[in-house]
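Engineer: A predicted structure for the sequence below; I have some questions about it.
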Amino acid sequence: MPNVASILKAEISRVARKEVRAEIEALKKASVAHRSSIADLRRQVSALEKELRRVAKGAVRPSAAPDSGGDAGEVTKRRFSASRLAAHREKLGLSAAIYGRLVGVSGQTIYHWEQGKARPRAAQLESLAAVRELGAREIAERLTTQ
């Protein structure tokens with residue numbers, strides 16, 4: 001009799017595994033579908049947030065323009081791009097620390113700007129613009145004099 005009991009137990013285990021496997025496959029398919037829809041929703045939210053920032057900037061500019069109307073000839077508005085900063089530094093073949101010395105900030109600050117963790121202030125934007133206008137020879141001269 002113990003032989004029948006063990007065979008029955010093995011058969012019940014096999015059938016239970018088969019049923020569980022079928023249920024798990026259905027759950028996996030549902031999970032994949034949910035993850036895909038979550039990713040789509042995140043992309044939509046990101047696009048909408050970007051659009052909102054763009055619209056908010058557009059709404060701020062006209063109201064700020066009359067106030068700075070007299071200063072428009074004196075002050076130029078500088079834009080900053082983290083990827084362009086990184087590309088320029090890589091093009092020159094400089095480390096973040098050396099590039100930071102040129103701009104007048106630390107290498108860690110350059111790294112944070114490139115990673116998008118921080119943004120340069122207005123005076124630092126002017127320094128960045130001045131460094132961008134320099135050629136490789138001028139940069140080498142500045143580094144040797146410092």
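Structural biologist: Cool, the structure landed. Just so you know, these numbers come straight off a predicted model, no measurement behind them. Numbers count the residues shown, from 1 in each chain.
Engineer: remind me what the lengthiest helix in the chain packs against, helices and strands.
Structural biologist: In the chain, assigned by DSSP state H, the helix with the most residues is helix 2-67. Contact partners of helix 2-67 among helices and strands, from 3 or more C-beta pairs under 8 Å, 6 or more residues apart in numbering; DSSP states H and E: none. Any C-beta I mention is one placed from the backbone N, CA and C, and that applies to glycine too.
Engineer: please state the offset of it from the chain centre?
Structural biologist: 22 Å (C-alpha atoms, centre = their mean, to the nearest Å).
Engineer: what does stretch 76-90 give?
Structural biologist: Taking C-alpha atoms, centre = their mean, the mean C-alpha location of stretch 76-90 is offset from the chain mean by 15 Å.
Engineer: may I have the distance across it, first residue to last?
Structural biologist: Between the start and the finish of stretch 76-90 there is a gap of 26 Å, counting by C-alpha to C-alpha, to the nearest Å.
Engineer: would you mark the buried spots in that stretch?
Structural biologist: For stretch 76-90, the neighbour count (16 or more other C-beta atoms under 10 Å) marks 82, 85-86, 89 as buried.
Engineer: again with stretch 30-42
Structural biologist: Using 16+ other C-beta under 10 Å, none of the residues of stretch 30-42 count as buried.
Engineer: and it, what's its mean pLDDT?
Structural biologist: Stretch 30-42 shows an average pLDDT of 95 in the prediction.
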